[in-house]
Structure formats: C-alpha cells, structure tokens
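Engineer: Got a predicted structure plus its sequence, pasted below:
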Amino acid sequence: MIRKSEFNLSAYAEQVSKMTDEELSAEGQEMRKLVYPERISGTGPSSFEPRLEICRQEWKRRRSQKRSPNSGSFNSFLPSLPRRNELTIRLILALGERR
C-alpha cells in the first residue's frame, strides 16, 4: 500500500541550496518537465510547482551573488551621462588605448 506523506519543502530547499550549479540546473529542468504537461492539459496545479519555484529562487539567488551591481558596466563609472555621451567616451577611451 502506498501512503501519501507531506513533502517537506524546507528540507528540499536546504537540499537544493547544497547542490552544485550543474545539479541545480538538472533538477530545475526535471521539475519543469513534470510541471508543464499538467499545466498544458489543464488538470490543475502540479504538486511539483513549489519545488520548481524553489529551484528558480535558488538559481536567481546564486546569479545575483555572482554578479555585483554594475559589474563590468560602463555606467558604473559614469552613471550620470546620457547614452550618446557614453558611446562617445567609449570611443575616445578605445582610441586612447591604441596609442
């Protein structure tokens, strides 16, 4: 006899946070494969949707930690300049590096 038991989302979230990026990506893809057929068929919300959301939140959290605000952005150096001036300054800097 199969018994239904409560799925512990907090334990799953902790497990997901310990996964490598590759494992997290594979887990998210697997959850997406389980969720979307049920959405398309209209059978109602999937029991896997909360797990997919946990995977997505963890992925976003990791991406935001890897990218600092304005990292690599020219706007971090010249935030108040309009766009056309930014391009002009980039050209000047690029030409100056060639000398």
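Structural biologist: Yep, that arrived.

Engineer: Please count neighbours and contacts with C-alpha atoms only from this point.
Structural biologist: OK.

Engineer: biggest helix in the chain, by residue count?
Structural biologist: Ranked by number of residues, the top helix in the chain under DSSP state H is helix 21-41.

Engineer: Show the average pLDDT along that one.
Structural biologist: Across helix 21-41, pLDDT averages out at 85.

Engineer: Now do it: which elements does it pack against?
Structural biologist: Secondary-structure packing of helix 21-41 (3 or more C-alpha pairs under 8 Å, 6 or more residues apart in numbering; DSSP states H and E): helix 49-66.

Engineer: Using PDB, write out every CA atom in the longest helix of the chain.
Structural biologist: This file holds the C-alpha atoms of helix 21-41, laid out as PDB (Å, rounded to 0.1, in the frame of the first residue of the first chain):
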ATOM      1  CA  ASP A  21      25.100  24.600 -10.300                       C
ATOM      2  CA  GLU A  22      25.000  21.600 -12.700                       C
ATOM      3  CA  GLU A  23      22.900  19.600 -10.300                       C
ATOM      4  CA  LEU A  24      20.600  22.500  -9.700                       C
ATOM      5  CA  SER A  25      20.100  23.100 -13.400                       C
ATOM      6  CA  ALA A  26      19.300  19.400 -13.900                       C
ATOM      7  CA  GLU A  27      16.900  19.400 -11.000                       C
ATOM      8  CA  GLY A  28      15.100  22.500 -12.300                       C
ATOM      9  CA  GLN A  29      14.800  21.100 -15.800                       C
ATOM     10  CA  GLU A  30      13.400  17.800 -14.300                       C
ATOM     11  CA  MET A  31      10.800  19.800 -12.300                       C
ATOM     12  CA  ARG A  32       9.900  21.800 -15.300                       C
ATOM     13  CA  LYS A  33       9.300  18.600 -17.300                       C
ATOM     14  CA  LEU A  34       7.000  17.400 -14.500                       C
ATOM     15  CA  VAL A  35       5.100  20.700 -14.100                       C
ATOM     16  CA  TYR A  36       4.300  21.800 -17.700                       C
ATOM     17  CA  PRO A  37       2.500  18.800 -19.000                       C
ATOM     18  CA  GLU A  38      -0.100  19.200 -16.200                       C
ATOM     19  CA  ARG A  39      -0.400  22.900 -17.000                       C
ATOM     20  CA  ILE A  40      -1.000  22.300 -20.700                       C
ATOM     21  CA  SER A  41      -3.500  19.500 -20.100                       C
END
